[in-house]
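>>> the amino acid sequence is not available; the structure is as follows:
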């Protein structure tokens, strides 16, 4: 039903991470990723792109939090920073090369992406979308792949201009999670929250979005045997989903209640946990903290 779908304008907001050493993490996200700290209070810091007060990342310190093991944990796979264009991605890649940082790289057809891990092992993607009119569809699904990236072409797109930090039009493009069961994940994120299923035939993964975007959320079972991230682990604490109007928040609450999913609403923000404990904070635009 149309009423069960998210509005086309829905998008991720702030991502909140638990880290072991706040000073170390701030240094990494400023020096390597190119964010700037816009607020710091004790064991909490908020960061965003240069030239904008808009918060994209919040870090909360739990001293001694355990790093993510190589096999991962159920919870965060990566959060994805969407830069405005290919030129910005090229300047960022050249910046990494100048600092001898070798990211993972992939051409996803709909986008070009770089992959990094922060000091706690939490995954980060930095990517640029290809124009939407170039995306291809087959059997109702957007065509996506994990092809080799033409890194030289991406760097050339930067035109040799220096990297000066994340541009002010940078946003959180999507969040990608490790889960243990795709059907249960689909029931929560598609049936309950209202995302559209965009890709369901990719091996071990499901990609969902609002408004025809390739994905605002990815879930995969590539670490299905790993444990769930625990309270004393470096982990994703929650991610925001901005849905436009408060009426949409209440419609989501009704769907979650009908499915027997527990949730809470406080100050206009609905929080619900998926079957593996990952919290989505769903809020209307008017309740978005700027």
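Done, it's in. Since this is a predicted model, take the numbers as computed values, not measurements. Numbers count the residues shown, from 1 in each chain.

>>> contacting residues around the nearest residue to residue 141 once chain neighbours are set aside?
Spatially, and ignoring its direct neighbours in sequence, residue 141 is nearest to residue 199 (4.9 Å; CB to CB, 6 or more residues apart in numbering). C-beta here means a position set from N, CA and C on the backbone, and glycine is covered the same way. With contact set as CB atoms under 8 Å, 6 or more residues apart in numbering, residue 199 has these partners: 141, 142, 144, 205, 206, 207, 214, 215.

>>> and these, which of them are buried?
Buried by 16 or more other CB atoms under 10 Å: 142, 144, 205, 206, 207, 214, 215, out of the contacts of residue 199.

>>> who's in contact with residue 9?
Listed by CB under 8 Å, 6+ apart, the contact partners of residue 9 are 210, 211, 244.

>>> cutoff 7 Å now
Residues in contact with residue 9 (CB atoms under 7 Å, 6 or more residues apart in numbering) are 211, 244.

>>> and if you look at residue 270?
Residue 270 sits next to 249, 252, 253, 263, 282 when contact means CB under 7 Å, 6+ apart.

>>> residue 172 contacts residue 12, correct?
Yes: using CB atoms under 7 Å, residue 172 is in contact with residue 12, at 4.4 Å.

>>> which residues in the stretch 151-290 of the chain form strands?
In the stretch 151-290 of the chain, the segments counted as strands under DSSP state E, counting those that start in this stretch are 171-178, 196-199, 205-209, 217-220, 235-242, 263-266, 269-273, 279-283.

>>> so for residue 119, which of the ones you listed sits nearest?
The closest of the strands of the stretch 151-290 of the chain to residue 119 is strand 235-242. By CB to CB, the value is 13.9 Å.

>>> contacts for the closest one?
Contacting residues not belonging to strand 235-242 are listed as 10-18, 60, 75-76, 79, 175, 229, 278-283, 285, 288 [CB under 7 Å, 6+ apart].
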